[in-house]
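sequence and predicted model, in that order:
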Amino acid sequence: MGEHLGEFEQMLLFAVLRLGDDAYGVTIRREIERRTGRRPSPGAIYTTLERLEQRGMVGSRVGGATPVRGGRRKRFYHLEPAGARALAMAYERLQRMAAGVLPRLQDLSGA
């Protein structure tokens, strides 16, 4: 049935997908924070990206050095086909589980 993705892995993959060619650690972190309000640590971002890369879900390339970064190079990430398939499956499963429950959630939460 495919690879299981945790919630944080899903957020990272969605951010990489949304950011396209501009997906590197700092922009990924900002995208997650902007869309979810969650502020993951840089260590959590890079550890998870490394794990996803080892699993073949993302790939990376090193960009050129820039004076703004003190000569340091950025590592850019992209979604691999295996990551796209796993993310699509996770999204579809969540949609199927959540279908039709919003009114009940609102009733239970008093919203």
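Great, that's in hand.

can you give me the helices in the protein?
Using DSSP state H, the helices assigned to the chain run over residues 7-19, 25-36, 42-54, 81-98, 102-109.

from Tyr91, how far out is Phe76?
Distance of Phe76 to Tyr91, given as CB to CB, to the nearest Å: 23 Å. For every residue, glycine as well, the C-beta is placed using N, CA and C.

same check, this time on Gly43
With distances taken as CB to CB, Gly43 is found 26 Å from Tyr91.

hmm, back to that, more neighbours, Phe76 and Tyr91?
The residue with more neighbours, out of Phe76 and Tyr91, is Phe76; 19 against 14, by other CB atoms under 10 Å.

how much space between the closest residue to Gly56 other than its chain neighbours and Met89?
What sits nearest to Gly56 in space, not counting adjacent residues and going by CB to CB, 6 or more residues apart in numbering, is Ala82, at 4.7 Å. To Met89, Ala82 is 11 Å away according to CB to CB.

what does Leu102 give?
For Leu102, the distance to Met89 - CB to CB - is 22 Å.

of the two, which one has the most company?
More crowded of Leu102 and Met89, by other CB under 10 Å: Met89, with 15 against 10.

quick revisit: how many neighbours does the residue nearest to Gly56 have?
Using other CB under 10 Å, Ala82 is surrounded by 15 other residues.

list the contacts for it?
When contacts are counted by CB atoms under 8 Å, 6 or more residues apart in numbering, Ala82 touches Glu3, Arg55, Gly56, Met57.

can you count the residues close to the last one?
Think Met57. Other residues close to Met57 by other CB under 10 Å number 25.

equivalent analysis for the third one, please.
A count of nearby residues for Gly56, using other CB under 10 Å, gives 13.

quick check: it touching Leu79?
No - using CB atoms under 8 Å, Gly56 is not in contact with Leu79; the gap is 10.9 Å.

any idea how far Gly56 is from Gly6?
Distance from Gly56 to Gly6, by CB to CB: 16 Å.

and what of Arg104?
For Arg104, the distance to Gly6 (CB to CB) stands at 26 Å.

again, but for Arg61
Going from Arg61 to Gly6 by CB to CB gives 25 Å.
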